[in-house]
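Engineer: Sequence below, structure please.
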Amino acid sequence: MQDIRDLDPASPAEVVQELTPCLALVAPVGMTVDDRRAWFAAAIVALKGVPIALVKRGAEEALRTADHPSKIVSTILRTIADDWAWRKRNARPAEIHGTPATALIADESRYTLDEVRALPKAVRGLGVAGGWIDPDDLAKVEAEEAAR
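Structural biologist: Numbers count the residues shown, from 1 in each chain. So this is what the prediction gives:
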């Protein structure tokens, strides 16, 4: 029963561990080490906040069905969408890592301005497209970098 209420986010290392077999099966021959690093960085952004049990479940489905790196994360998110939404909707305030009861769980997965600054430029656009980075925050960070 505890597993279905788990809201603890998977760590980046756990995400990489679960996605490595998926990528190993479908990575193109010409995918360089740097390409793989960028892919894993984007996957970590896309799965930010998702509990490890859901990442594992989604990765199992991706391992069976995904035939290209671009399909791995989308398969995971599609596979876990209903369960992840249920967990966030039915979480009790005490389970939301000590945040006040009025906290919006859906916003928990948004990156802070400092986190956006720390992300590689190649990943930031994916974060905006996925809803994990506020477009205004990205604009602020890009303006700061242009001013340097």
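
Engineer: ok, and the closest non-adjacent residue to P28?
Structural biologist: Spatially, and ignoring its direct neighbours in sequence, P28 is nearest to P69 (7.7 Å; C-beta to C-beta, 6 or more residues apart in numbering). (Each C-beta comes from the backbone N, C-alpha and C, glycine too.)

Engineer: domains for this structure, by residue range?
Structural biologist: For the chain, automatic domain parsing gives the domain ranges 2-108, 110-148.

Engineer: got the ones you listed as JSON lines, with mean neighbour count and mean pLDDT columns?
Structural biologist: Output for those, formatted as JSON lines (neighbours: other C-beta atoms under 10 Å; pLDDT from 0 to 100):
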{"stretch": "domain 2-108", "mean neighbour count": "16", "mean pLDDT": "83"}
{"stretch": "domain 110-148", "mean neighbour count": "14", "mean pLDDT": "81"}
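
Engineer: Quick one: list the elements packing against the helix or strand encompassing A62.
Structural biologist: Taking DSSP states H and E as the criterion, A62 maps to helix 52-65. Contact analysis of helix 52-65 by 3 or more C-beta pairs under 8 Å, 6 or more residues apart in numbering; DSSP states H and E lists helix 12-26, helix 69-90 as its packing neighbours.

Engineer: so which of the ones you listed comes closest to K48?
Structural biologist: Using C-beta to C-beta as the measure, helix 12-26 is the one of the helices and strands packed on helix 52-65 that comes nearest K48, at 8.8 Å.

Engineer: same for the next helix-or-strand element following that closest one, what does it pack against?
Structural biologist: The C-terminal neighbour of helix 12-26 among helices and strands, as given by DSSP H and E, is helix 33-46. Counting contacts by 3+ C-beta pairs under 8 Å, 6+ apart, helix 33-46 packs against helix 12-26, helix 69-90, helix 121-130.

Engineer: ok so, going back, okay, angle between the helix holding A62 and helix 33-46 too, please.
Structural biologist: 130 degrees (axes from the mean of the first three to the mean of the last three C-alpha atoms, to 10 degrees).

Engineer: Report the angle between helix 52-65 and helix 12-26.
Structural biologist: Using the same axes, to 10 degrees: helix 52-65 against helix 12-26 is 10 degrees.
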